[in-house]
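Colleague: Just a sequence and a predicted model for now, questions to come.
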Amino acid sequence: MDVKKFTVDLCSLMSIDGFEFAEEDKMIKLVLPYFDSVKSDSVGNYVFVLKSKKKHAPKLFIDTHYDEVGLMVKGITDDGMLRICGIGGVDARILPSSEVVVYGKKKIKGIVALKPTALIPAESRDRLVPVTELLVDIGYPKEKTEKLAPIGTPIGYKPDYVTLGKKYLSGKSLDDKVCAVAVIKAISLLDREKLGCDIYFSMSAKEETGGSAVPCAVFDIQPDFSISLDVTFGMAPGGNKLSDMKMGGGAVVTRSLLTDRETVAMIENVAKEKELPIQSDVCPMSTGTHNDDIVLVGRGVPGALISIPAWFMHTQSETVCIDDIENTAKLLCAVIEKKFGGEEK
Amino acid sequence: MMKELYGFELLGALSDAFSPSGNERVVLELIKGQVEQYCDEVYFDVVGNLICKISTPKKYAKKTLFCAVADECGFMVKDIDDGGRLSIAALGGLDTALLSARKVTVGYGEKTTVGVVSSKPIHSLSSDERSKPTPIKQIYIELGTDSKEETEKLVKTGDLGTFRSKAENFGDGMFKGKALEYRVGCAVLCELIRKVNKENIDRDLYFAFTTLGATGMRNTGASVAANVIKPDNSYVFGGLGACDVYGAKGSDVVCKLGDGVIVSISDGRTIYAPKQTSELTEKLASLGIQTQPNRSNAGGGIEAEIQKCCGGVRVTSVKIPVRYPRTASCLINKKDYESMLASAEACL
Amino acid sequence: MLDTLKKFIYAFGVSGCEGEISSVIRKEIAPYVDEVYTDAMGNLIAHKKGADKNAKKLMFAAHMDEIGFMASYIDEHGYIRVTKIGGINFVAASFMTVEFANGTKGVLVPEARVGAKDYRPEVFYVDIGAKDKAEAEKHVKIGDWCRVCPALNELCGSRVSGRPIDNRIGCYILAEAARTMKKCENDTYFVFTVQEEVGVRGAKTSAFSVRPDYAVAADIGGAGDIINCAPFDVVLGKGIAVKLKDGMVICHAKMIALMDRLAKERKIPVQHEILESGGTDTCMLQQAAGGCIAGAISIPTRFGHSGVELIDMDDVEGGVKLLAAMCETKLD
């Protein structure tokens, strides 16, 4: 499995919150070959299952969120431009003059219209135009726009992937699909014969809008363990030296009140044994990820969080180091084999 | 020999060429390849302008200069930090706030590399900073390198850069690309050169593709071109920023996409040659070419330089509306562009 | 047709104190369903059995609570300080007649010399006309619920105004749908939820116990035809609004498509609503237990959370027809 190509293929798909199903055929075609089956639920989660050959095997829940931030059409102006609102935390600084794709009756090219300075009152010129006041230009007159992109149509960043230097990949929606890539790569590395647990890999919905859907999947599956994977802030000039992680420094393992201490220690030990680079992060209360939504569902689930550092999150140029994806995959594979290898217990 | 391009294929190729101010040679070589065989003389002058000449057999003929700006908004690499990141400075009219998170091309000549423009991460911004455009001091370019040495293999200080963008059809009869406000003029001149019938002209025709026009400096390559050529009269082709969005009214609109070419009477820097300009306007009307007024009286470009060179030159400007100029994604209406092609022929 | 609505409007039901409104609704809906019960949180659940055993579970939810106040302190002059329950607009609530659950009337006023821009809950108090603390305590004790007095006035044409239209109009739509539906293809639950105004609490537990396959909330929405409001595409009189998203939920595309289809078939005018902030029961319906296919209808409303909430009854009729149509359509 070519990690870079797989990442581009998966991340290019449109999966804006609430529209996770939009290109599900393509997504399932990419991912299902690595699993036994897939089930989607009524809130948008896709759960891929890989069964152990053991009977009554423990259930391991692996979560990455499949949704991505975007915009939505909330109205159409007289000159055929789209009024928009954000879905999830769109970075308002980067929107003006960005190229986007309007997922209407067909895929339509769009540009977030730059507001001419003359039209901005003098006292507001040093401020950004708020997302909800921006327009998207698709170059059609009103009547056509109403047919092509009615109210409620989702809009996403234009997929445009480039390799930076030798080992960095940049483009839209790496948050959080690179983590899915790491999981799938890990599955491809697993020794299926030794697998001692049933793996439920959820590509979960609606993380970016806070209306997290993953508890519904956890409620149905009632797993015994969970490992969540998400992206975290990569260290960059002007960033926070305490909390930001080194790009290319390996998977980030988080210690928190909401992550299981034993599991975290085990992951760290496995990394040491296998000589895989890892970094430690501390998020005392909330980790701000799906982990927090999983561990207190139903009868409770011991959970761990593994993150991949990323730059420029929620922009059209999210960037990760490919080594980090590879190393996270190796770590996850080793952790599954160590904890659920089948020989122990 | 280079494949001859026409219409929007030609415009697209010119738009995609990497030619921020100071790196005009890339687009100019492309133009040269397209028109060389139609000209009597083709050369680069001292400041890098591409000058093409078609001579009339007539002696003591007058000289007409057709002119278009060749470069585009860009930036220059100022510094490379220890981590291999680039600090940049804008060249003229580039709004650096629009660079945030954009993919850019950096380099010199044909040797380029791709980078991503970054700024202070959003989670480290105060709520005040979040509501403001990103200041240039917080902007840097990430090339995916780990050290200064690694970066220096790709890019040097003083190298140039601009948006990475691909020209393409857009919406209902529109065309999108970078630098269209300048390259529409270049493309029209290329097509015009090919249409000149030497037998029918009674003047020497000069076509100048000029440098440094996007910098907004008082004097650019166009001054030098005009000083050397000493034309009797001149036509300048290019784009005029259209503000026909966000419900703009009156003079705020400037001009509107789809409403035709603009032959300005005056703008912020130039009062155009009255007789020559009104004659052209009348001729376009008689040919059924759609025109619209310049509703604003601001701005201005190389026309001002050409007009005031030597003993003065009669200047007329022919423009088409360009929405979102100085961004990676300028928009024009294809019908307007075709009107400009027809207008250019009318100037012969 | 306003009689039923009036009954709903006048019944007391501030969040946490929904007993009176609950019994009024129970009486109204009981004849049209198979069973009615109240759960531990106080949600009123009216159940109408489906056509067969395999029928899908369809849940409608409208919150029956309203915003209001609670007495928190009585001073020596007999003035009563109150704490707010839900999102109170103090400019709208100031100088209004209020009533406590036991019928005691009073007026809600700000302290003297406090201008509207300094309105905070702390500067408000209720004057019930008591001479002193002792007299006040005969009528009101700390912890008593209180609300701005209800009203329902008929305006031009089919428009009405008053309070608490939020969300007795949703309750009315559910009750009317139960009364007017011609058949019940799905196992249908009409749920009147509690404590929506203080954080959509009742919807969560009721959806967990009902575990619907499909769920639809009915609540008031916004209106984009108010002078100087931000552009918003929903207006009064153009039909019931099908919710696409609000600040807390993105509705399931299947639900939106279903509503659009039924509206087209039955010639019910509909609009599409996108609220950028705020939320309704919908998000909790969507996420309870294993989740369900959730959506909502919104009644276009001007001046929400004021004493003069204004709606068009024609939109409401459309809402009734749309919900009835869902009951009559076999869902799969």
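Modeller: Perfect, I can see it now.
Colleague: buried set for stretch C:120-134?
Modeller: C:Val123, C:Phe124, C:Tyr125, C:Val126, C:Ile128, C:Ala130 (16 or more other CB atoms under 10 Å in any protein chain shown). Quick note: C-beta positions are derived from backbone N, CA and C, even for glycine.
Colleague: how much space between the closest residue to the fifth one other than its chain neighbours and chain B?
Modeller: Which is C:Ile128. Closest residue to C:Ile128 apart from its sequence neighbours, by CB to CB, 6 or more residues apart in numbering or on different chains: C:Gly106 at 3.7 Å. Taking CB to the nearest CB, to the nearest Å as the measure, C:Gly106 falls 40 Å from chain B.
Colleague: got the residues of the stretch 151-300 of chain A near chain B?
Modeller: Within the stretch 151-300 of chain A, the residues that sit near chain B (CB under 8 Å from any CB of the partner chain) are A:160, A:162-168, A:170, A:233, A:236-240, A:244, A:248.
Colleague: Which among those residues count as buried?
Modeller: A:160, A:162, A:164-165, A:167-168, A:170, A:233, A:236-237, A:239, A:244, A:248.
Colleague: so which of those residues are also by chain C?
Modeller: Among those, no residue is within reach of chain C (CB under 8 Å from any CB).
Colleague: Widest-spaced pair of the residues you listed?
Modeller: Of all pairs drawn from those, the greatest distance, 25.2 Å, lies between A:Asp160 and A:Asp244 (CB to CB).
Colleague: re earlier: a helix runs through the residue nearest to C:Ile128, doesn't it?
Modeller: No - with DSSP: H, G, I helix; E, B strand; the rest coil as the criterion, C:Gly106 is strand rather than part of a helix.
Colleague: What residue in the stretch 1-150 of chain B comes nearest to chain A?
Modeller: In the stretch 1-150 of chain B, the residue that lies nearest chain A is B:Gly144 (2.7 Å; CB to the nearest CB).
Colleague: what about that residue, which SS state?
Modeller: Once three-state DSSP is applied, B:Gly144 turns out coil.
Colleague: who's in contact with it?
Modeller: Each residue near B:Gly144 by CB atoms under 8 Å, 6 or more residues apart in numbering or on different chains is listed here: A:Thr163, A:Leu164, A:Gly165, A:Lys166, A:Lys167, A:Tyr168, A:Ser170, A:Thr319, B:Gly115.
Colleague: rerun that using 6 Å as the cut-off
Modeller: Counting by CB atoms under 6 Å, 6 or more residues apart in numbering or on different chains, B:Gly144 touches A:Leu164, A:Gly165, A:Tyr168.
Colleague: Show the contacting residues for the second one.
Modeller: Listed by CB under 6 Å, 6+ apart, the contact set of A:Gly165 reads B:Leu143, B:Gly144, B:Thr145.
Colleague: And it, how far from B:Ser147?
Modeller: Distance of A:Gly165 to B:Ser147, computed by CB to CB, to the nearest Å: 11 Å.
Colleague: mind giving me the domain split of chain C?
Modeller: Domains of chain C are assigned by automatic domain parsing as C:2-66+C:164-328, C:68-148.
Colleague: Deepest in the core, which of those is it.
Modeller: domain C:2-66+C:164-328 (a mean of 21; mean count of other CB atoms under 10 Å in any protein chain shown).
Colleague: Which residue is it, in chain B, that comes closest to chain C?
Modeller: At 10.5 Å from chain C, B:Gly247 is the closest residue in chain B, using CB to the nearest CB.
Colleague: How is that residue classified with respect to secondary structure?
Modeller: Following three-state DSSP, the label given to B:Gly247 is coil.
Colleague: Check the burial of it by counting its neighbours.
Modeller: For B:Gly247, the count of nearby residues is 13 (other CB atoms under 10 Å in any protein chain shown).
Colleague: what pLDDT, on average, does stretch B:46-54 get?
Modeller: Confidence for stretch B:46-54, expressed as mean pLDDT, is 96.
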